[in-house]
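A.B. asks: Requesting a structural model of the entry that follows:
(one chain, ligands or ions: 2)
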Amino acid sequence: MPDTPPSGLDAATAARRLREDGPNELATSQRRPLRALVGEVVREPMFLLMLGSGGIYLAMGDARQALILLGFVLIIMAVTVLQERRTDGALAELRELSSPRALVLRGGVSQRIPGREVVRDDVLLLAEGDRVPADGQLLQAHELSTDESLLTGESEPVPKQAPLGLVLAGTLVLSGQGLVRVTAVGAHTEMGRIGQSLDEVSLQPSPLRQEMARLTQRLVFFALAVCALLVGLLWALRGDALAAVLAGITLAMGLLPQELPVILIVFLALAARRLGRQQVLTRRLSAIETLGQTTVLCVDKTGTLTRNRMAVHTLVAAGAEQAVGDLAPGALPEAFHRLLEYAVLASEIAPHDPMEQALQRLAAQQLAGSEHLHPEWQLAREYELSPELMAMSHLWRGASPQQDVVSTKGAPEAVVDLCHLPPDQAQQVLQQAAALADRGLRVLGVAQARHPRHQDWPAQQHDFDFEWLGLVGLADPLRPEVPAAMAQCQRAGIRVVMITGDHPRTALAVAAQAGIPGGQALTGDDLAALPPGEWATHLASVQVFARVKPQQKLALVQALQAQGEVVAMTGDGVNDAPALKAAHIGIAMGQRGTDVAREAASLVLLQDDFQAIVTAIERGRRTFANLRQAMVYTLAVHLPIIGLALLPALLGWPLVLTPLHIAFLELVIDPACSLVFEAESGRTGLMAQPPRRRTEALLSAHAVRLSLLQGCWMTGLVLAWYGGLTWLGWGAATASTAGFMALVAGNAALILPCRSPTGRWRDLFQGLPRLSAGVLLGTLLALGLVTTVPGLARAFGFAPLPWALGAGVMFSALASLVVFQLNKRWLQPAT
Ligand SMILES: Nc1ncnc2c1ncn2[C@@H]1O[C@H](COP(=O)(O)OP(=O)(O)OP(=O)(O)O)[C@@H](O)[C@H]1O
Ligand SMILES: [Cu+]
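C.D. replies: Ligands and ions are numbered 1, 2, ... in the order given. As a prediction, the model looks like this:
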């Protein structure tokens with residue numbers, strides 16, 4: 001950008017504006033207000049059932065039962081609302097983090113701030129891939145074009161010129177750069193006026209949610225049918241309609257699977273929050289499910305495996321090579337001056353590209369005070385880099401009145417092509433380039449040309465008469481965490497594939513440093529030449545794809561997906577967005593990535609740390625594993641409730657469970673118990689296994705069998721106490737007290753064996769989260785209260801148990817632990 005830029009607002013003015021005008025955001029609160037939350041909770045069938053049974057109690061003249069039930073309703077509502085607030089809070093936090101940021105000039109310094117802190121008259125720096133944070137007027141523009149489809153529906157790029165050009169909040173910068181003075185923020189922008197907003201965290205249906213929805217639906221039908229049967233049966237057998245309906249409601253409360261969807265969403269939201277603490281932002285909750293299935297991780301090279309901190313390493317001119325790493329300032333031999341001079345001339349004046357910055361740094365160090373720097377020249381024409389011709393040229397005015405100077409740099413093969421070198425010379429140059437690339441250097445070719453001032457500029461770079469100058473090799477250090485993370489991927493059965501626009505030899509050298517099994521690299525041209533049918537064989541064996549054009553990335557991702565792979569892919573540029581969107585899991589780099597890439601991705605790495613990807617995959621596997629344990633638990637504890645509600649009715653025994661008991665079990669104890677699994681740190685071996693298959697259901701056949709087995713044992717135990725004591729003539733109240741105690745204590749005991757799928761005894765207690773220990777003790781305490789505090793006990797219909805009997809019941813329930821664990825051992829899947 002030619003002119004000296006303005007310096008922007010000073011910090012104090014900006015802070016005052018922010019206070020006075022308010023933040024730059026649209027007033028669409030994404031958080032549901034408390035009232036709406038309560039409203040939703042109250043409309044749930046479970047609460048309607050409870051209110052209905054409260055009404056029946058009142059009709060039967062039992063005000064105490066009705067009141068206690070009401071108390072439960074309130075407690076449960078509070079717990080549910082709190083839980084939902086927590087989920088909402090986690091999601092809101094994510095949205096906050098994922099909202100766009102802005103690069104502003106404040107007091108002459110450019111700094112990145114949250115988009116919501118942009119104020120009127122701020123000076124914004126826009127670059128390719130940015131989401132424009134506010135409306136503004138262009139001060140400078142450089143090849144700038146934007147996508148305004150969000151506002152206008154037209155997806156054609158709109159070219160923008162300074163001065164007077166306007167850019168609008170919410171639009172995307174497709175190319176070029178610009179300097180903008182902000183004219184309107186927040187609700188005053190065009191976008192604010194038409195009430196648009198960018199939906200940040202999406203909750204689209206995912207396979208797990210669908211599986212859960214199907215399961216829930218089936219269980220609801222089943223529950224309703226069984227309940228209707230029970231009501232009919234009891235009415236016919238005993239003739240008491242109210243009691244029959246009450247028993248039906250009780251059973252419905254015990255059967256309705258209302259906690260299943262809640263468990264899923266809470267697990268995912270909390271996993272997203274945990275990932276957030278590890279600097280991984282989740283933009284789509286469903287990504288967390290898919291993460292654990294990842295089989296192929298496609299990574300780009302620069303910035304993901306390497307640090308994108310370029311430094312010129314070697315110069316090659318006229319066949320001679322010069323390492324520049326340790327040169328004293330001004331010590332660069334004369335023979336390389338022109339090469340460096342033209343490399344800088346082929347760069348932007350104030351470059352963003354780390355390669356060009358490195359070239360400028362070296363030039364400032366080596367060429368200062370020489371005749372090779374030309375701050376006074378005018379940049380008259382630019383030819384941009386394109387996937388078809390990976391070279392960029394600048395045409396400069398100022399050297400002489402007759403001629404303009406043209407300078408180009410780009411991929412060596414592209415520049416060789418521009419120079420029309422004779423074959424043997426081209427051969428030699430490309431060999432030199434390959435030798436540099438073998439050391440992991442990124443290699444550029446540099447050339448120069450003259451152009452008569454009074455001739456028209458040619459339309460394409462090929463029409464200049466270029467003269468070859470030499471090669472520049474740039475080093476970009478590997479990220480330190482990469483080799484260890486690669487090793488982890490390998491152990492976890494995840495194939496890592498590098499897809500880069502760089503030279504194949506550079507790509508292979510960097511792959512070797514990173515620990516990606518190299519072998520052979522396939523180039524974009526190779527791919528284009530392959531008949532489509534042959535992609536498959538290569539895709540399965542090649543780990544390094546080089547000189548890949550942006551649109552080929554999408555094709556590669558789709559081809560891998562077609563082979564049944566679950567593909568995670570990293571990216572940062574505008575060009576990467578389609579592939580990021582198409583991949584099962586798109587991962588954008590938060591620091592370096594463009595807004596476009598971040599919006600297309602489902603995960604954003606807030607610190608561009610490669611290890612974080614592996615961490616996220618592990619979190620995905622763990623969440624799935626924990627979710628499965630929670631489901632095994634939840635299904636198991638439903639069985640004894642069903643048994644206890646149905647069998648006495650069928651056998652003509654007095655009914656044991658009332659809505660009050662169910663409320664206590666279903667809505668207080670069991671959900672708390674199933675949520676403790678979320679806090680499990682998971683088995684240590686999770687990352688030493690291959691990824692789980694895509695078809696693997698949350699409730700595998702094995703999980704269902706185990707669940708049923710545990711549930712049957714508990715049902716047997718509970719019915720044994722209840723039936724046995726009844727048979728021995730202990731009286732209904734005593735029998736049902738014993739049965740209920742066995743049930744609750746059994747539920748508590750089942751937590752421990754459900755913590756892990758292994759049958760090892762030490763896994764029962766090892767690493768028990770504090771939360772789980774608390775819930776366990778809390779459950780037993782609550783059981784103690786309802787069985788001993790007289791008022792409560794009476795409402796529950798409990799009679800005080802003789803000491804020895806109570807101890808016997810508790811012991812039998814808690815000792816079921818051993819049975820549960822043995823069940824796991826002999827049901828162990830054959831792996
Ligand atoms: N500023 C530039 N000037 C000249 N040539 C460039 C420039 N940037 C890139 N190139 C050339 O284009 C090639 C492809 O670059 P590009 O940035 O598209 O690769 P990429 O796909 O981003 O690579 P990576 O996977 O390493 O990030 C480079 O190897 C280089 O030869
Ligand atoms: Cu010189």
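A.B. asks: Contacts made by stretch 359-367 with the rest, please.
C.D. replies: Stretch 359-367 is contacted from outside by 311-312, 324, 327, 329-332, 337, 340-341, 343-344, 347, 351, 372-373, 472, using CB atoms under 8 Å, 6 or more residues apart in numbering. The way it works is simple: take the backbone N, C-alpha and C, and place the C-beta from them, glycine included.
A.B. asks: rerun at 10 Å
C.D. replies: In this structure, residues lying in contact with stretch 359-367 by CB atoms under 10 Å, 6 or more residues apart in numbering are 310-312, 315, 324, 327-333, 336-337, 340-341, 343-351, 353, 370, 372-373, 409, 444, 446, 472, 474.
A.B. asks: Regarding the chain, what is its longest helix?
C.D. replies: Ranked by residue count, the top helix of the chain under DSSP state H comes out as helix 611-651.
A.B. asks: Mind checking what helix or strand follows it in sequence?
C.D. replies: Under the assignment DSSP states H and E, the closest C-terminal helix or strand after helix 611-651 is helix 659-662.
A.B. asks: Whichever of the contacts of stretch 359-367 end up buried, select them in PyMOL.
C.D. replies: Buried subset of the contacts of stretch 359-367, written as a PyMOL selection, criterion 16 or more other CB atoms under 10 Å:
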select buried, resi 310+311+312+315+324+332+336+337+340+341+343+344+345+346+347+348+372+373+409+444+446+472+474
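A.B. asks: Among the contacts of stretch 359-367, name the ones in helices.
C.D. replies: Among these, the residues falling in helices (DSSP H) are 337, 340-341, 343-345.
A.B. asks: which of the residues you listed lies closest to ligand 2?
C.D. replies: The nearest member of these to ligand 2, counting by CB to the ion, is residue 337 at 3.4 Å.
A.B. asks: contacting residues for the closest one?
C.D. replies: Each residue near residue 337 by CB under 10 Å, 6+ apart is listed here: 315, 317, 363, 366-367, 370-372.
A.B. asks: switch to 8 Å and redo it
C.D. replies: 366-367, 370, 372.
A.B. asks: CSV for the residues you listed, including distance to residue 489?
C.D. replies: Listed next are the contacts of residue 337 as CSV, based on distance: CB to CB, whole Å:
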residue, distance to residue 489
366, 41
367, 44
370, 49
372, 46
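A.B. asks: can I get the residues you listed in TSV with pLDDT and distance to residue 768?
C.D. replies: As requested, the contacts of residue 337 are exported to TSV (pLDDT from 0 to 100; distance: CB to CB, whole Å):
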residue	pLDDT	distance to residue 768
366	93	64
367	92	66
370	87	71
372	90	70
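A.B. asks: tally of neighbours for the closest residue to residue 665 other than its chain neighbours?
C.D. replies: Distances taken as CB to CB, 6 or more residues apart in numbering place residue 641 nearest to residue 665, at 6.4 Å, with adjacent residues excluded. Residue 641 has 26 neighbours, counted by other CB atoms under 10 Å.
A.B. asks: Can you tell me which residues in the stretch 501-650 of the chain are near ligand 1?
C.D. replies: Proximity of the stretch 501-650 of the chain to ligand 1, by CB under 6 Å from any ligand atom, involves residues 501-503.
A.B. asks: meant to ask about the chain
C.D. replies: Counting by CB under 6 Å from any ligand atom, the chain comes close to ligand 1 at 300-302, 353, 355-356, 385, 390, 392, 409-411, 442, 444, 500-503.
A.B. asks: Make a ChimeraX selection of the buried ones in the residues you listed.
C.D. replies: Selecting only the buried entries of the residues of the chain next to ligand 1 in ChimeraX, with 16+ other CB under 10 Å as the criterion:
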select :300,301,302,355,356,385,390,392,409,410,411,442,444,500,501,502,503
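A.B. asks: which ones are touching the closest residue to residue 381 other than its chain neighbours?
C.D. replies: Nearest residue to residue 381, sequence neighbours excluded (CB to CB, 6+ apart): residue 395, at 3.9 Å. By CB under 8 Å, 6+ apart, residue 395 lies in contact with 379-383, 404-406, 451, 457.
A.B. asks: Recalculate using a threshold of 7 Å.
C.D. replies: By CB atoms under 7 Å, 6 or more residues apart in numbering, the contact list for residue 395 reads 380-381, 404, 406, 451, 457.
A.B. asks: Where strands are concerned, which of those residues count?
C.D. replies: Filtering the contacts of residue 395 for membership in strands, criterion DSSP state E, returns 380-381, 404, 406, 451.
A.B. asks: Closest residue of the stretch 451-600 of the chain to ligand 1?
C.D. replies: Residue nearest to ligand 1 within the stretch 451-600 of the chain (CB to the nearest ligand atom): residue 501, separated by 2.5 Å.
A.B. asks: Kindly report the same for the stretch 1-150 of the chain.
C.D. replies: Taking CB to the nearest ligand atom, ligand 1 has its nearest neighbour within the stretch 1-150 of the chain at residue 128, 11.9 Å off.
A.B. asks: sec struct for the residue in the stretch 601-750 of the chain that ligand 1 sits nearest to, please.
C.D. replies: Nearest residue of the stretch 601-750 of the chain to ligand 1: residue 608, at 12.4 Å (CB to the nearest ligand atom). Look at residue 608: counting by DSSP: H, G, I helix; E, B strand; the rest coil, its state is coil.
A.B. asks: backbone phi and psi for it, please?
C.D. replies: phi -70, psi 70 (degrees, to the nearest 10).
A.B. asks: Tell me who's in contact with it.
C.D. replies: Neighbours of residue 608 in contact, by CB under 7 Å, 6+ apart: 303, 589-592.
A.B. asks: Using TSV, lay out these together with distance to residue 646.
C.D. replies: Formatted as TSV, the contacts of residue 608 follow (distance: CB to CB, whole Å):
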residue	distance to residue 646
303	62
589	57
590	55
591	59
592	61
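A.B. asks: which of the residues you listed lies closest to residue 749?
C.D. replies: residue 590 (44.8 Å; CB to CB).
A.B. asks: which stretches of the stretch 501-650 of the chain form strands?
C.D. replies: Assigned by DSSP state E, counting those that start in this stretch, the strands in the stretch 501-650 of the chain fall at 521-523, 544-546, 567-571, 585-589, 603-605.
A.B. asks: The stretch 301-450 of the chain too?
C.D. replies: Along the stretch 301-450 of the chain, counting by DSSP E, counting those that start in this stretch, strands occupy 311-317, 320-323, 378-383, 391-397, 403-410, 442-452.
A.B. asks: Within the sheet, what are the partner strands of the fifth one, with directions?
C.D. replies: Partner strands and pairing direction for strand 403-410 (DSSP bridges) are strand 391-397 (antiparallel), strand 442-452 (antiparallel).
A.B. asks: from the ones you listed, which stretch is densest packed?
C.D. replies: strand 442-452 (a mean of 23; mean count of other CB atoms under 10 Å).
A.B. asks: quick check: mean pLDDT across it?
C.D. replies: In this model, strand 442-452 has an average pLDDT of 94.
A.B. asks: What subset of the contacts of residue 395 is buried?
C.D. replies: 380, 404, 406, 451.
A.B. asks: just to revisit the earlier point, which pLDDT value goes with the residue of the stretch 451-600 of the chain closest to ligand 1?
C.D. replies: pLDDT, read off for residue 501, is 92.
A.B. asks: show me what contacts it?
C.D. replies: Residue 501 sits next to 547-548 when contact means CB under 7 Å, 6+ apart.
A.B. asks: about what we covered before: between the contacts of residue 395, which is nearest ligand 2?
C.D. replies: residue 406 (19.8 Å).
A.B. asks: how far away is the closest one from ligand 1?
C.D. replies: For residue 406, the distance to ligand 1 equals 14 Å [CB to the nearest ligand atom, to the nearest Å].
A.B. asks: give me the beta-bridge partners of that residue?
C.D. replies: Applying DSSP bridges to residue 406 gives these bridge partners: residue 395, residue 449.
A.B. asks: just checking, it touches residue 393?
C.D. replies: Yes. Counting by CB atoms under 7 Å, residue 406 touches residue 393, with 5.8 Å between them.
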